[in-house]
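Participant: What follows is a predicted structure for the sequence shown.
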Amino acid sequence: MTRSRLLHLPWEDRIFAIVIVAVIIFGASQSVLDFSPFYLNFVSNILIFSIAALSYNLLHGYTGLISLGSAGFYMVGAYGGALAMQSLGNNFGIGLLGALGMSAAFSLIVGSVATRIRGVYFLLITFAFSMLPWLLIKGPLRDITGGHTGMHLRIVPSFFFDIGDSSLFLFFTMGILMMIQFFIPHPVSLEFSSVIYKWIIVLMAFALVLAIGNLIRHHTNKIRRKKEDWPYSIVTLTGMVVMAIIGLVWGVDPDSLYQSIYLNVMAPLGATMFAILAYYMASAAYRAFRARSLEATLLLASAFIVMIGFMPFGQYIHPKFPAFAEWVMKVPNMASQRGILLGVAFGSIATALKIILGIERSWLGGKE
């Protein structure tokens, strides 16, 4: 963000931006530098109280509901996370899910009663619910929760990955920040997104240069060692160099030599390649459309209806045949496509979360 844009933001947005940048810098440097536990605890408390301030601003400032039940949710979430880690394993993810689950269940109980009340009575009922977990922890649940002394985990709960690993920590930080800016269209987050996209373009340029270098090295080694089909490597390198020189010297305008070569050489070669692939697709379709089961029979019938319906002589079979073929494409086919797209979307979300949380590390080039 430029200095002028930062100065034109409201003062609370400027403070928010400065705090976020400071926390990112501190978190990134923590993975490299060894700070004392005092500073780590200090920054952790800043973030905890920041979350508390934002929640109170949302509850009191935007909704106008004065509530005294926040301490109860804090207790239920803390003990829910601790009990989950004690029972299922010392892992941050297990503790987080336990805290969210217990807090959500407690909020359903509180909300079913508190949302029916207004005014000062809402204040009193939320205060009563905030005292309920405290009384249960001290009394009937003392053996489970430890009473006044609380719960003590024998092992410090581990995160999804080693916080000291700078690569995983920075990737986790950037992943969380990008998710925040996607769902919160704040001026700071939008400017942050713009800067990140500019860096992505720069990284893509470097990746393209790296890919060209790897391509040249691969074909050069193949020519030098005279491996199988090495003359094709000469053609590949020659074509790449010649097209690059033509494009850089004479440009890539619609009437340029570069476009003439592309339209008269590359386009016919592409059409030839797709024509050859059509025979393989026809062979695969013949093997797949054998009516060996009910599913294969439905697939064969649908393909026959669609192909005949979209051909010119389909309307001569029956006037409504093309309309029925179009209905097959728009209704059953679209429903199947949406199901597949939903599956792909959920799989993409799960994979992205695994990468952000450091569970999936194959992209680093290791075996884990």
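Facilitator: Alright, I've got the coordinates. Worth saying up front: this structure is predicted, and the values here are computed from it rather than measured.
Participant: Give the other helices and strands that the stretch of helix or strand residue 301 belongs to contacts.
Facilitator: For residue 301, the enclosing helix or strand under DSSP states H and E is helix 294-310. If contacts are counted by 3 or more CB pairs under 8 Å, 6 or more residues apart in numbering; DSSP states H and E, helix 294-310 sits against helix 267-288, helix 321-330. To be clear about C-beta, it is placed using only N, CA and C from the backbone, and glycine gets the same treatment.
Participant: any idea of the mean pLDDT for that helix?
Facilitator: What helix 294-310 shows for mean pLDDT is 78.
Participant: Just want the angle from it to helix 267-288.
Facilitator: 140 degrees (axes from the mean of the first three to the mean of the last three CA atoms, to 10 degrees).
Participant: Extract the C-alpha set from helix 294-310 and format it as CSV.
Facilitator: Extracted in CSV, the C-alpha atoms of helix 294-310 (Å, rounded to 0.1, in the frame of the first residue of the first chain):
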residue,chain,number,x,y,z
LEU,A,294,-27.9,-50.8,-16.7
GLU,A,295,-25.5,-47.8,-16.3
ALA,A,296,-23.8,-48.6,-19.6
THR,A,297,-27.2,-49.0,-21.3
LEU,A,298,-28.3,-45.6,-20.1
LEU,A,299,-25.0,-44.0,-21.2
LEU,A,300,-25.4,-45.6,-24.7
ALA,A,301,-29.0,-44.5,-25.0
SER,A,302,-28.2,-41.0,-23.9
ALA,A,303,-25.3,-40.7,-26.3
PHE,A,304,-27.4,-42.0,-29.2
ILE,A,305,-30.2,-39.5,-28.5
VAL,A,306,-27.8,-36.6,-28.2
MET,A,307,-25.8,-37.4,-31.3
ILE,A,308,-28.9,-38.1,-33.5
GLY,A,309,-30.8,-35.1,-32.0
PHE,A,310,-28.1,-32.6,-32.9
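Participant: still on that earlier bit, most packed of the helices and strands packed on helix 294-310?
Facilitator: helix 321-330 (a mean of 15; mean count of other CB atoms under 10 Å).
Participant: tell me the mean pLDDT over the helix or strand following it?
Facilitator: Per DSSP H and E, the first helix or strand lying C-terminal to helix 321-330 is helix 332-356. Across helix 332-356, the average pLDDT comes to 88.
Participant: ok, now stretch 176-196?
Facilitator: pLDDT averaged over stretch 176-196 gives 81.
Participant: Secondary structure element holding the most far-flung residue of the chain relative to its centre?
Facilitator: Here the centre of the chain is the reference, and by CA atoms, centre = their mean the most remote residue is residue 316, at 50.3 Å. Element membership of residue 316 [criterion: DSSP H and E] is helix 314-317.
Participant: and that helix, which residues are buried?
Facilitator: residue 314 (16 or more other CB atoms under 10 Å).
Participant: Measure how far it is from the centre of its chain, please.
Facilitator: 48 Å (CA atoms, centre = their mean, to the nearest Å).
Participant: cool, stretch 134-151 as well?
Facilitator: Using CA atoms, centre = their mean, the offset of stretch 134-151 from its chain centre is 39 Å.
Participant: List the contacts of it.
Facilitator: 71, 72, 75, 79, 82, 83, 86, 152 (CB atoms under 8 Å, 6 or more residues apart in numbering).
Participant: and those, which of them are in helices?
Facilitator: In this view, the contacts of stretch 134-151 that belong to helices under DSSP state H are 71, 72, 75, 79, 82, 83, 86.
Participant: and the second one, what pLDDT?
Facilitator: At residue 72, the pLDDT value in this model is 81.
Participant: Not counting sequence-adjacent ones, nearest residue to it?
Facilitator: Ranked by CB to CB, 6 or more residues apart in numbering and with sequence neighbours excluded, the top spatial neighbour of residue 72 is residue 130, at 3.6 Å.
Participant: and if you look at the fourth one?
Facilitator: Once its chain neighbours are removed from consideration, residue 79 has its nearest residue in residue 145; the separation is 5.8 Å (CB to CB, 6+ apart).
Participant: which phi and psi does the one you found have?
Facilitator: Residue 145 adopts backbone torsions of phi -90, psi -10, taken as degrees, to the nearest 10.
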